[in-house]
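Q: here you go, sequence then predicted model.
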Amino acid sequence: MTNIWVGQKVRLRAVEPEDWEGFRALEQDTVDLRNADIVTPPRSAEGFRSWTAERAGREPGGEAFRLVVEALSDGSFVGSVTVGGVDTRAGHFKSGIEITRDRRGKGYAKEAVALLLTYMFAERRFHKCEVEIHAFNDASLALHRSLGFVEEGRLRQHEYFAGAYQDLVLMGLTADEHWTAHPRPSVR
């Protein structure tokens, strides 16, 4: 069996304490609000170190989790993917992706999300993934459409930040839709 966590460009791995600088870079990118849920006051380096160390100390698995996206070319921190909003009875979950500004547009996000979906559909037996994307986030909308996600609805003027109310686009992808474009893991 090939490694379900490794693609051509990225590897998904657990959070390590030394990742704090990568997470700080993601949070400090307030010029590009496409990935922000809310702009918060700056956090100290120690705050990032303790936040990252706490996450690094968590047991793997669970309902909600975060993984680091690491570039295979140089082992550097590229971003993170998250799973949350898990409903095991209904068989769906929510996911999120953040990529550092200097690594966007290079295919890291697409591969990281595809790896995460393969894990959730093949190993965790979920049926559907849902994402919530701000309507002005053209890059994330295009990314998810390229992965086969379909727009299922829009919450108008749903969240307030950057001085205005923002629409939220709801998108979904079923396991069957994912498997039409991605190979199932093999035990050979």
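A: In hand now; what should we look at?
Q: now the most centrally placed residue in the chain: how far from G163?
A: Nearest to the centroid of the C-alpha atoms of the chain, with distances taken as CA atoms, centre = their mean, sits I97, at 2.3 Å. With distances taken as CB to CB, to the nearest Å, I97 is found 25 Å from G163. Every C-beta, even on glycine, is put in place using the N, C-alpha and C of the backbone.
Q: sorry, back to before: now the residue nearest to the centre of the chain. Its backbone dihedrals?
A: Main-chain dihedrals, I97, degrees, to the nearest 10: phi -140, psi 140.
Q: and the gap between it and L26?
A: Here I97 is placed at a distance of 11 Å from L26 (CB to CB).
Q: common neighbours of those two, please.
A: When contacts are counted by CB atoms under 8 Å, 6 or more residues apart in numbering, I97 and L26 have G79, S80 as shared neighbours.
Q: so where do the strands sit in the protein?
A: Using DSSP state E, the strands of the chain run over residues 10-13, 65-71, 77-87, 92-99, 128-134, 150-161, 164-174.
Q: among those strands, which is nearest P183?
A: With distances scored as CB to CB, the stretch of these nearest to P183 is strand 164-174 (16.0 Å).
Q: quick one: that closest one to strand 92-99, angle?
A: When axes from the mean of the first three to the mean of the last three CA atoms, to 10 degrees is applied, the directions of strand 164-174 and strand 92-99 differ by 120 degrees.
Q: dump strand 164-174 to CSV, restricted to CA.
A: Coordinates of the C-alpha atoms in strand 164-174 are reproduced here as CSV (Å, rounded to 0.1, in the frame of the first residue of the first chain):
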residue,chain,number,x,y,z
ALA,A,164,-19.0,44.6,5.7
TYR,A,165,-21.3,41.7,5.8
GLN,A,166,-20.1,38.8,3.6
ASP,A,167,-21.9,36.1,1.7
LEU,A,168,-21.0,32.5,2.5
VAL,A,169,-21.0,29.9,-0.3
LEU,A,170,-21.9,26.3,0.8
MET,A,171,-20.3,23.6,-1.4
GLY,A,172,-20.3,19.8,-1.1
LEU,A,173,-18.7,16.7,-2.5
THR,A,174,-19.8,13.1,-2.1
